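Trainee: Please find the sequence and the predicted model below.
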Amino acid sequence: MERLAGKIAVITGAGSGIGRGCALALAAEGASVIVTDVDDAAGHETCALVERAGGRARFEHLDVSEEEAWRNFAQLLSKNPGALHVLVNNAGICISQAVTAMSYSAWRRQCAVNLDSMFLSAKYLLPLMSEAGGASIINISSVAGLQGIGGMTGYCATKGGVRLFSKALALECAQASNGIRVNSVHPGAIDTAILVKLAYGGAMPRDASQAVVAEVRAQAVHAGLAATPLGVSGQPSDVAAGVVYLASDDARFVTGSELVIDGGAFAS
């Protein structure tokens, strides 16, 4: 069953992890996927995986923290036939540091990537989505947007902002009767590269060996399992399944909501 047949979907940060999982899942349901990322090689790799699976995808470079980039991206989309039906705001970073150790630039960087991008995407893409006659914005937050976590003040603040921004935008769209639904998704511990980045200040290490990186990831996955009542490791496909639902007409009556996908961690 292709629940998204004939629809066009944009996914930010789709070069890896949850974003790549969403690209594969949306394309499998019939959507034409526009993969965006700042890592061109990773973005093209995602497109290749989508196409290998029989889907349709193309890559566009996009720095979600830059207003001019969003303005140019919107102009590019407007030149192509077809309205925009699905927007998955997935791009995000996490810098795990105590407040006293975190630089102001690190704080601002998280705000720019995690939260400013939500505003900029809505500002420049809402007009295109309103032409679709029915569209869905899915903002990827985190369980860190629902509760505090020591050492992650910047991440918690921005992801909490994503949650309430989504609710406010959902009401704004409902009041405008533009047919756009807006919801947030809150993953728990998901086995992606961000688990390694947490140990290295928010970026993949350039000088660490593959063995060291694998060990750091294994430790992070183990810690995530210990905090997950279901006792299984969350995968990008688990989050992508929820995104597909919110993107589809099955969720036509769902807006301003938050979908927690965390193996029961937030329930405990």
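Mentor: Done, it's in.
Trainee: Pull out the buried residues from stretch 46-59.
Mentor: Applying a neighbour-count criterion of 16 or more other Cβ atoms under 10 Å, the buried positions in stretch 46-59 are 46-47, 49-50, 55, 57, 59. In short, each C-beta sits where N, CA and C put it, glycine included.
Trainee: between the residues you listed, which is nearest C173?
Mentor: Distance to C173, by Cβ to Cβ, is smallest for A57 among the buried residues of stretch 46-59, at 26.7 Å.
Trainee: Tabulate the buried residues of stretch 46-59 (a markdown table), appending distance to D262, secondary structure and pLDDT.
Mentor: What follows is the buried residues of stretch 46-59, written out as a markdown table (distance: Cβ to Cβ, whole Å; DSSP: H, G, I helix; E, B strand; the rest coil; pLDDT from 0 to 100):
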| residue | distance to D262 | secondary structure | pLDDT |
| --- | --- | --- | --- |
| T46 | 24 | helix | 98 |
| C47 | 29 | helix | 98 |
| L49 | 26 | helix | 98 |
| V50 | 26 | helix | 98 |
| G55 | 27 | coil | 98 |
| A57 | 28 | strand | 98 |
| F59 | 30 | strand | 98 |
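Trainee: can you put those residues in a markdown table and add distance to K159?
Mentor: Shown next, in a markdown table, are these (distance: Cβ to Cβ, whole Å):
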| residue | distance to K159 |
| --- | --- |
| T46 | 23 |
| C47 | 28 |
| L49 | 27 |
| V50 | 27 |
| G55 | 29 |
| A57 | 27 |
| F59 | 26 |
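Trainee: any idea how far the closest residue to C111 other than its chain neighbours lies from I261?
Mentor: The shortest distance from C111 to any non-neighbouring residue, by Cβ to Cβ, 6 or more residues apart in numbering, is to T158 (5.7 Å). From T158 over to I261 the distance is 19 Å, taken as Cβ to Cβ, to the nearest Å.
Trainee: ok, these two, which is more surrounded?
Mentor: T158 (28 against 20; other Cβ atoms under 10 Å).
Trainee: by contact count, what packs against the helix or strand containing that one?
Mentor: Assigning secondary structure by DSSP states H and E places T158 in helix 153-176. Counting contacts by 3 or more Cβ pairs under 8 Å, 6 or more residues apart in numbering; DSSP states H and E, helix 153-176 packs against helix 104-110, helix 117-130, strand 135-140, strand 180-187.
Trainee: Mean neighbour count for the ones you listed - can I get that in TSV?
Mentor: Compiled in TSV, those are given as follows (neighbours: other Cβ atoms under 10 Å):
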stretch	mean neighbour count
helix 104-110	15
helix 117-130	20
strand 135-140	27
strand 180-187	26
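Trainee: Could you dump those into a markdown table and include mean pLDDT?
Mentor: Listed next are the helices and strands packed on helix 153-176 as a markdown table, based on pLDDT from 0 to 100:
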| stretch | mean pLDDT |
| --- | --- |
| helix 104-110 | 97 |
| helix 117-130 | 97 |
| strand 135-140 | 98 |
| strand 180-187 | 98 |
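Trainee: now the ones you listed as a markdown table including distance to G234?
Mentor: Compiled in a markdown table, the helices and strands packed on helix 153-176 are given as follows (distance: least, Cβ to Cβ, whole Å):
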| stretch | distance to G234 |
| --- | --- |
| helix 104-110 | 22 |
| helix 117-130 | 23 |
| strand 135-140 | 13 |
| strand 180-187 | 7 |
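Trainee: Looking at the ones you listed, which is nearest to N90?
Mentor: Nearest of the helices and strands packed on helix 153-176 (Cβ to Cβ): strand 135-140, 4.5 Å.
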